[in-house]
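# for reference, the sequence and a predicted model appear below.
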Amino acid sequence: MEKHLKVSAIKDGTVLDHIPANQLFKVIDILGLSKITNQITFGTNLDSKLLGKKAIIKIADKFFEDNDINRIALIAPQAKINIIHDFQVVEKKVLSVPSTIKGIAKCMNPACITNHQDVETSFATISDSPELKLLCKYCEKVTDEKNLKIISNN
Amino acid sequence: MSKHLISIHDFSKEEILKVLSLASKFEERKSDPIFSDKVVASLFFEPSTRTRLSFETAANRLGARIIGFSDAVNTSVTKGETLKDTIKMVSYYADLIIIRHPLEGSARYASEVSSVPVINAGDGANQHPSQTLLDLYSILKTQGRLDNLNINIVGDLKYGRTVHSLMQAMSHFKPHFRFTAPKELRMPEEYKEQLKINGIPFDESERLEDGIENMDIVYMTRVQRERFTDAIEYERVKNVYSLKNEMLDFAKPNMKILHPLPRINEIHQDVDNSNHAYYFEQAGNGVYTRMAIIKMLLDKIDI
């Protein structure tokens, strides 16, 4: 089969592949990609055996700290991170859900202080599979995957 | 112990026992004005007469002076001041802050912005650790031990904050629990799951009269009208979960009835003169327990 890239290659930088198509804009949000000046190309609703429809993001000349990139594990746990130097993949990274999560997620408890005053949310990850469960440091309630809402950076 | 008292989960078994031991020393002395140079702030963003009076009595018996408010209506909170600003300001006035606030997690947040120790006197439906400690003190005092007791917890087991904290704190001491509640208000699965993981036996019942014999502690709680969507069901349940003196005939001599108060009709007044009734003494124990908590935080005792 002819190899043809839907999103053109970058010389140096980071490629985020296997992002569920419906999470693309949340990933952009969490990583703050709308605020950086690097060249970014992305494709979405691409066919994927694994995910059905996937998205891919290529960011030129940008390399993330593990702590930063792991933040997207909440919404795109199967994403693959490829580090590119001179058009070659020099490193592959697998995401892991961080043990503590600050910001990013909203506490599902409507009576939690974080939903009423300007307090950054903070969770301990008490389970990451089969279902993600986050324990709020403040109200001590569990927010599970199906009730997970991502806080927008914008 | 940490610098603050926010959640019973922050306490190990040893730390709990140290608080109780200090409380019993205060019970012998009643008053001990060791903090006459201290100012304690009592910030009640929602009213709670019993808790406030208990804490303020404890602070007074330790010789401290008290500033604060008993409800947020006449404060700058109504002008839109954030909790952060109120706590920051007060932590420059006082040596210790006692906070009651309707939002869950508010006390933990207050402890992060305060420069002085913070005591959680209830954060919404979340935690009320001094209540749990005084419950344990009452159990220890009446039974002479905390280990291997039969404890029947009755009433609203679904939403009751007191019940969940008590259950979790008692889990350090190998109890056998019985949970007595109407179907609508049964103990949530997540808590029962936790008991199973910790190997703590429990059974469940809807019948209060079956859960008196063999018990060391019967812990009654209020079934609140607002928990029911069906008013008729509430009326039925309210009468079923009412403890009467005639039900105590076969109780063990050491059995004590506890209740966090206020009691409405879940304990009939004819129980009050029984040897098993302990709820008013329990409230009194709150003062010694809170004296112990205040002393540990102001002395920065590393327990």
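Thanks, I have the structure now.

# show me which residues of chain A are close to chain B?
A:109, A:111-114, A:116-119, A:136-142 (Cβ under 8 Å from any Cβ of the partner chain). In short, each C-beta sits where N, CA and C put it, glycine included.

# need the max-distance pair from the residues you listed.
The distance between the two most remote of the residues of chain A next to chain B (Cβ to Cβ) is 23.2 Å, for A:Asp118 and A:Val142.

# more crowded one of these two?
A:Val142 (17 against 8; other Cβ atoms under 10 Å in any protein chain shown).

# and the more buried one, what does it touch?
Contact analysis of A:Val142 by Cβ atoms under 8 Å, 6 or more residues apart in numbering or on different chains lists A:Ile126, A:Lys133, A:Leu134, A:Leu135, A:Cys136, B:Glu190.

# what's the lowest-pLDDT member of those?
Lowest pLDDT within these is found at B:Glu190 (88).

# just the element for that residue, please.
Assigned by DSSP states H and E, B:Glu190 belongs to helix B:189-197.

# whatever helix or strand comes next after that helix pairs with which strands?
Per DSSP H and E, the first helix or strand lying C-terminal to helix B:189-197 is strand B:202-205. Strand B:202-205 has these partner strands in its sheet, going by DSSP bridges: strand B:176-180 (parallel).

# quick check: mean pLDDT of the partner strand?
97.

# what sits up against it?
B:148-155, B:157, B:167, B:170, B:186-187, B:195, B:200-208, B:211, B:215, B:241.

# what are the buried residues along the worst-scoring helix or strand of chain B on mean pLDDT?
Least confident helix or strand, chain B: helix B:231-240 with a mean of 82, by mean pLDDT, DSSP states H and E. Residues B:Tyr234, B:Val237, B:Lys238 are the ones in helix B:231-240 that count as buried (16 or more other Cβ atoms under 10 Å in any protein chain shown).

# send me stretch A:81-92 as CSV with only the CA atoms.
Only the C-alpha atoms of stretch A:81-92 are listed here, as CSV (Å, rounded to 0.1, in the frame of the first residue of the first chain):
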residue,chain,number,x,y,z
ILE,A,81,3.5,10.4,21.8
ASN,A,82,6.3,10.4,19.2
ILE,A,83,9.3,12.6,19.5
ILE,A,84,10.7,13.6,16.1
HIS,A,85,14.2,14.7,15.2
ASP,A,86,15.2,15.2,11.6
PHE,A,87,12.1,13.5,10.4
GLN,A,88,12.8,10.3,12.4
VAL,A,89,10.9,9.0,15.4
VAL,A,90,13.6,9.0,18.1
GLU,A,91,11.4,8.3,21.1
LYS,A,92,8.0,6.9,21.8
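
# residue contacts, the residue in the stretch 101-250 of chain B positioned nearest to chain A?
Closest to chain A within the stretch 101-250 of chain B is B:Gly105: 2.5 Å, counting by Cβ to the nearest Cβ. Going by Cβ under 8 Å, 6+ apart, B:Gly105 touches A:Cys112, A:Ile113, A:Thr114, A:Val119, A:Cys136, A:Lys137, A:Tyr138, A:Cys139, A:Glu140, B:Asp123, B:Asn126.

# ok, now with 6 Å
A:Cys112, A:Ile113, A:Tyr138, A:Cys139 (Cβ atoms under 6 Å, 6 or more residues apart in numbering or on different chains).

# quick revisit: which residues touch the helix or strand following the least confident helix or strand of chain B?
Moving toward the C-terminus from helix B:231-240, the next helix or strand (DSSP H and E) is strand B:256-258. Residues outside strand B:256-258 that contact it (Cβ under 6 Å, 6+ apart): B:Ser138, B:Thr142, B:Ile217, B:Val218, B:Tyr219, B:His276, B:Ala277, B:Tyr278, B:Gln282.

# helices - which of these land there?
B:Ser138, B:Thr142, B:Gln282 (DSSP state H).

# compute the number of surrounding residues for the residue in chain A that chain B sits nearest to.
Going by Cβ to the nearest Cβ, chain B is nearest to A:Tyr138 of chain A, at 2.5 Å. Neighbours of A:Tyr138 under the rule other Cβ under 10 Å: 26.

# is it true that it touches A:Ala111?
No: when contacts are counted by Cβ atoms under 6 Å, A:Tyr138 is not listed as touching A:Ala111 (10.5 Å).

# helix, strand or coil: sort out the residue nearest to the spatial centre of chain B for me.
Centroid check for chain B by Cα atoms, centre = their mean gives B:Gln131 as the closest residue, at 1.8 Å. Following DSSP: H, G, I helix; E, B strand; the rest coil, we place B:Gln131 in the helix state.

# quick one, grab the pLDDT at it.
Predicted confidence (pLDDT) for B:Gln131: 96.

# one more: B:Met1?
Looking at B:Met1, the pLDDT reads 49.

# enumerate every residue touching the residue nearest to B:Leu62 when sequence neighbours are not counted.
The shortest distance from B:Leu62 to any non-neighbouring residue, by Cβ to Cβ, 6 or more residues apart in numbering or on different chains, is to B:Phe35 (4.6 Å). Residues in contact with B:Phe35 (Cβ under 6 Å, 6+ apart) are B:Leu62, B:Gly63, B:Ala64.

# try it again at 8 Å.
B:Ala59, B:Leu62, B:Gly63, B:Ala64, B:Asp95, B:Ile294, B:Lys295, B:Leu298.

# gap between the two ends of stretch A:20-27?
One end of stretch A:20-27 sits 10 Å from the other (Cα to Cα, to the nearest Å).

# brilliant, that's me finished.
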